[in-house]
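Colleague: sequence and computational prediction follow.
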Amino acid sequence: MKFVVCVKLTPDTEQLAEVQPQDVGSDDLGVTMVLNPWDEFAVEEALQLQERFDGAGVAVTLGGVNATEALKRAVAMGIAEAIRLSDPAFAGSDAWGTAHALAQAIKQIGDATLILTGKQSVDGASGLVAPGLAVRLGAPFVSQVAKVLDVTAERVTVLRALDAGTQTVRVKTPAVLSVSKEINEPRYPNYTGIRKAARMQYPATKAAQIPGLNLKQVGAGAALTAWTDLRKPPARAGKCEFILGATVAEQAHTLAEKLAAEKVI
Amino acid sequence: MSILVYIAQSQGQAQPVSWEVLGKARALADRLGAPLAAFVAGQGVGEIARAAIACGADNALVADEAAFAQFRAYAYAEAFAAAIAAAQPAIILAPAVAGARDAAALAAAQLHIGLATDCQGLDLDGEGNLLAERPIFAGNIVTTVVFKARPQMATVRSRSFPPPVRDSARTGQIIPLAVTLSDLALGEEVLGFEVAEAGELGVENASIVVSGGRGVKGPGGFAPLRALAQVLGGAVGASRAAVDAGWIPYPHQVGQTGKTVRPDLYIACGISGAIQHLAGMSSAKVIVAINKDKDAPIFGIARYGIVGDLFEVVPALTEAFKVRLGR
């Protein structure tokens, strides 16, 4: 069985607040970039599945030379094969464009049993690449996967988290699964893995090398949406008012009065 | 040209955010002079369709069959696509909740429609085009998404808009949709369903959230927080530390890797205020922080703070609110 995992390089969550609106979309956000934390769960799941069901994991990303870092982390965790799609034609793609390029690459890889992704990226956070991939592959899609119960060559059975509870869902393979945080605990790469990742080559796969790739469906020209007026959210006004009092009961009373005056209780 | 709104239901109950979105859509439709259609899929959802009319829809397109008894991604997406074909909308809105997110995304991908997800503000430009405001980079940057083609689709977060006033005197047509499901849709089998903690209010829908972090010290430590939440009619949230420690289930988690909430009042108890937690709650209207450490970062975004032991402060607050609210 083959488990393809789609990954993205995103800012370290500790530094998201330091990203400046004017830098969004540039190659350098001026912050540390890491494997998207949501994708770590997808990579870990691919590794666990390959151990459970005797398969192989392949990581795919779309991005420039920098994106190699996302693949390196996946390889360091234990993924055997890594593919980097990179072409000026992809620049400015929206989620549907990215999904088109990834879908054609996944068709080229061939024989995928499952395609795994994180829930969303911590930067653009659309959560649309996974459903977009499913539609372009004509494959079933299950989101919020909290557990993979069983995989055969024909079907996969998973738990899907909904607001009111958890469904047990069975779909045909190949299927696209976007995984939730509950699914596993991502491992830390070991020394052997890090060495292997450092030695591996991550050549760019160009648009022309991907059969089925339609240049009219990728890049800024194909995008149906655009981000405008990027800005910082309004800062929270004022300083914290510490509630004092001779006793805890007095503090509590004062706070209750203040919150009532603000009409939030 | 019309506006179409997806009414999300869970176990036969409309999810409250659906009405918030419908109320906003009514205002946009009035500005455009356009009709407003609602869409609902499920089994036995006639009551929800009537409620949609009462909440502002001019008509309701309904996929009401056994095939929709349980949420199935492509089945709901194809029903939604049928509603889009019937209504020919310029603007399509759906709540950003589990299920509706998938159906909207799959339908948009199938029909090649531009989609802005998790929006918290909606407006129109001078030509009547949709302007969708959404947070990116975990809420550290806000952008206004513009669309290059119609229809234009957006999913909308809970509590972005006030719920509309219901008027049961409003009338409108309820139109059954004929949906022919593809093999892909029919191939998704729901083998079972396990209900989550019944009766608990979800953190996204609550106007008051009482959250606990590492300072709660254990599963039992959430008891005083639950008592406070109950008096306030609020929900119980948690930081990642508390969830990872196994003290409270994941659906309660607020933050970067949990839920994003925008309550009127957020009471953070024993939460230090890691940047990942702030990403999920910093747009609350009023934040109260209770922490032993006066230098905890949470006080940096709080309106009111009490430095002290949450196991003394929280029960005292519960008593004070009981008195203040006469409960």
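Modeller: Arrived safely, thanks for sending. Residues are numbered from 1 along each chain as shown, chains lettered A, B, ... in the order given.

Colleague: only C-alpha atoms from now on, for both contacts and neighbour counts.
Modeller: Will do.

Colleague: so residue B:293 lies in a strand, does it not?
Modeller: No. Counting by DSSP: H, G, I helix; E, B strand; the rest coil, residue B:293 falls outside a strand, being coil.

Colleague: residue contacts, it?
Modeller: The contact partners of residue B:293, taken as CA atoms under 8 Å, 6 or more residues apart in numbering or on different chains, are B:307, B:308.

Colleague: ok, now residue A:128?
Modeller: Taking CA under 8 Å, 6+ apart as the test, what residue A:128 contacts is A:95, A:96, A:120, B:105.

Colleague: what distance do you get for it to residue A:214?
Modeller: To residue A:214, residue A:128 is 19 Å away according to CA to CA, to the nearest Å.

Colleague: check residue B:40 too.
Modeller: To residue A:214, residue B:40 is 35 Å away according to CA to CA.

Colleague: so for those two, which residue has more residues nearby?
Modeller: residue B:40 (27 against 14; other CA atoms under 10 Å in any protein chain shown).

Colleague: show me the shaky parts of chain B.
Modeller: Residues of chain B meeting the criterion pLDDT under 70: B:198-199.

Colleague: assign a three-state SS to the most centrally placed residue in it, would you?
Modeller: Most central in chain B under CA atoms, centre = their mean is residue B:158, positioned 3.0 Å from the mean C-alpha point. Secondary structure for residue B:158, judged by three-state DSSP, is coil.

Colleague: wait, it sits on residue B:204?
Modeller: Yes. Look at residue B:158 against residue B:204 with CA atoms under 8 Å: they come within range, at 6.1 Å.

Colleague: tell me the bridge partners for residue A:114.
Modeller: residue A:3, residue A:175 (DSSP bridges).

Colleague: gap between it and residue A:185?
Modeller: Going from residue A:114 to residue A:185 by CA to CA gives 19 Å.

Colleague: of these two, who's got more company?
Modeller: Taking neighbours as other CA under 10 Å, residue A:114 and residue A:185 compare with residue A:114 leading, 26 against 12.

Colleague: neighbours of residue 147, how many?
Modeller: The chain I'm using is chain A. Residue A:147 - counted by other CA under 10 Å - has 18 other residues nearby.

Colleague: hmm, no, I was thinking of chain B.
Modeller: Neighbour count of residue B:147, defined by other CA under 10 Å: 22.

Colleague: how much space separates the closest residue to it other than its chain neighbours from residue B:112?
Modeller: In space, not counting the residues next to it along the chain, residue B:147 is nearest to residue A:225; the distance is 4.6 Å by CA to CA, 6 or more residues apart in numbering or on different chains. Using CA to CA, residue A:225 is found at 11 Å from residue B:112.

Colleague: which of these two has more neighbours?
Modeller: Neighbour tally, residue A:225 and residue B:112, criterion other CA under 10 Å: the higher count belongs to residue A:225, 22 against 15.

Colleague: what are the phi and psi values at the closest residue to residue B:274 other than its chain neighbours?
Modeller: Excluding the flanking residues, the one nearest residue B:274 by CA to CA, 6+ apart is residue B:297, at 7.2 Å. When read as degrees, to the nearest 10, the backbone of residue B:297 gives phi -60, psi -20.

Colleague: was I right about residue A:123 contacting residue A:10?
Modeller: Yes. Counting by CA under 8 Å, residue A:123 touches residue A:10, with 6.3 Å between them.

Colleague: dihedrals phi and psi, the closest residue in space to residue B:298 that isn't next to it in sequence?
Modeller: Among residues not flanking residue B:298 along the chain, residue B:273 sits closest, at 4.2 Å (CA to CA, 6+ apart). Dihedral pair for residue B:273: phi 100, psi 40, per degrees, to the nearest 10.

Colleague: same thing with residue B:11?
Modeller: The phi/psi pair for residue B:11 (degrees, to the nearest 10) is phi 50, psi 40.

Colleague: OK, contacts around it?
Modeller: Residue B:11 makes contact with A:164, B:70 under the criterion CA under 8 Å, 6+ apart.

Colleague: same question, residue B:265
Modeller: By CA under 8 Å, 6+ apart, the contact list for residue B:265 reads A:264, A:265, B:207, B:208, B:209, B:284, B:285, B:286, B:287, B:288.

Colleague: of the contacts of residue A:128, closest to residue A:2?
Modeller: Lowest distance from residue A:2 to the contacts of residue A:128 (CA to CA) belongs to residue A:120, with 22.2 Å.

Colleague: so where do the strands sit in chain A?
Modeller: A:2-7, A:9-11, A:33-35, A:56-62, A:81-85, A:114-117, A:141-151, A:155-161, A:165-172, A:175-179, A:204-205, A:225-231, A:241-242 (DSSP state E).

Colleague: how far off centre is the first one?
Modeller: Distance, stretch centre to chain centre, for strand A:2-7: 12 Å (CA atoms, centre = their mean, to the nearest Å).

Colleague: thank you kindly, that will do.
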